[in-house]
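Trainee: dropping a prediction and its sequence here:
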Amino acid sequence: MNILDLLTKKEMNFIQFKEYKNNTYIFLEDELCNKIGIITKGSIKISTFTALGNELVYNTISEGGIFGNNLIFSSKPYYKGNVISLSECEIAFIEKNNLLKILSNNQKFLIDYLRIQSNFGKELNSKIKLLSLNSAKEKLIFFLEENNGIFEYQSISSLASYLNLERETLSRTISSLIKEKIITRNAKTLTLI
């Protein structure tokens, strides 16, 4: 269920819908965040560039996801990366004052909003723990444990990027863990034994 489904007809008047083409900059790094965005169609990424010009993707968010919610009430509400569409997408924006009105008057929306915030915090803590692990083996096993022992991936490159590993390192690690009978691999699925 999309969080927008919890809004009343009157509250829907607080929403501004905007459509974006693929690869469009929605917000720029260091731009003030004064509204949240709820993706109703498509997906986005939040990324920045390192000093050497390499792109670092903080997050990808797909339909039903929210962004800006961790910044809007912070003491420094500025985007830490560029918000860019990954496909044609539609985003529902709620400005800060209107969000406060909705949160104050709609308990179901408030509970779902807090659930989303809590889940984001858990995911962030998990990602920090993942990045703090030293070996590729530890990272992959931890990642599989966090995903209930099974993970279907699109490509080794995308999984390696998420785990902050080189593609070759991840491939060697998968082969090693298969030999050690710690994981199995079937097509594009890894399973922790």
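Mentor: Cool, got the structure.
Trainee: can you list phi and psi of the spatially closest residue to residue 59 that is not a sequence neighbour for me?
Mentor: Spatially, and ignoring its direct neighbours in sequence, residue 59 is nearest to residue 46 (4.7 Å; C-beta to C-beta, 6 or more residues apart in numbering). Placement of C-beta: from N, CA and C, glycine included. Dihedral pair for residue 46: phi -120, psi 120, per degrees, to the nearest 10.
Trainee: equivalent analysis for residue 181, please.
Mentor: According to degrees, to the nearest 10, residue 181 has phi 60, psi 40.
Trainee: the nearest residue to it once chain neighbours are set aside and residue 162: what is the separation?
Mentor: Sequence neighbours aside, residue 193 is the residue nearest to residue 181 in space, at 6.2 Å (criterion: C-beta to C-beta, 6+ apart). Distance of residue 193 to residue 162, computed by C-beta to C-beta, to the nearest Å: 22 Å.
Trainee: more neighbours, these two?
Mentor: Comparing residue 193 with residue 162 by other C-beta atoms under 10 Å, the one with more neighbours is residue 162, at 16 against 11.
Trainee: against residue 185, how distant is the residue nearest to residue 181?
Mentor: Distance from residue 193 to residue 185, by C-beta to C-beta: 11 Å.
Trainee: and residue 11, how far from residue 4?
Mentor: For residue 11 relative to residue 4 (C-beta to C-beta), the value is 9 Å.
Trainee: if you could redo that for residue 137, that was the one I meant.
Mentor: 42 Å.
Trainee: can you check residue 182 too?
Mentor: 43 Å.
Trainee: if you skip the residues just before and after it, what's nearest to residue 129?
Mentor: Using C-beta to C-beta, 6+ apart, the nearest residue to residue 129 is residue 142, at 6.9 Å.
Trainee: again with residue 17
Mentor: Residue 17's closest residue in space is residue 92 (C-beta to C-beta, 6+ apart), at 5.4 Å.
Trainee: tell me the contacts of the one you found?
Mentor: Neighbouring residues of residue 92 by C-beta atoms under 8 Å, 6 or more residues apart in numbering: 4, 15-17, 37-38, 40.
Trainee: for the helix or strand containing it, which positions count as buried?
Mentor: Element membership of residue 92 [criterion: DSSP states H and E] is strand 89-95. Buried residues in strand 89-95, defined by neighbour count with 16 or more other C-beta atoms under 10 Å: 89, 91-94.
Trainee: now stretch 118-125: how far from the chain's centre is it?
Mentor: Put simply, stretch 118-125 sits 10 Å off its chain's centre (C-alpha atoms, centre = their mean, to the nearest Å).
Trainee: now do it, average pLDDT.
Mentor: In this model, stretch 118-125 has a mean pLDDT of 87.
Trainee: quick one: residue 190 and residue 147, what's the gap?
Mentor: Distance from residue 190 to residue 147, by C-beta to C-beta: 9 Å.
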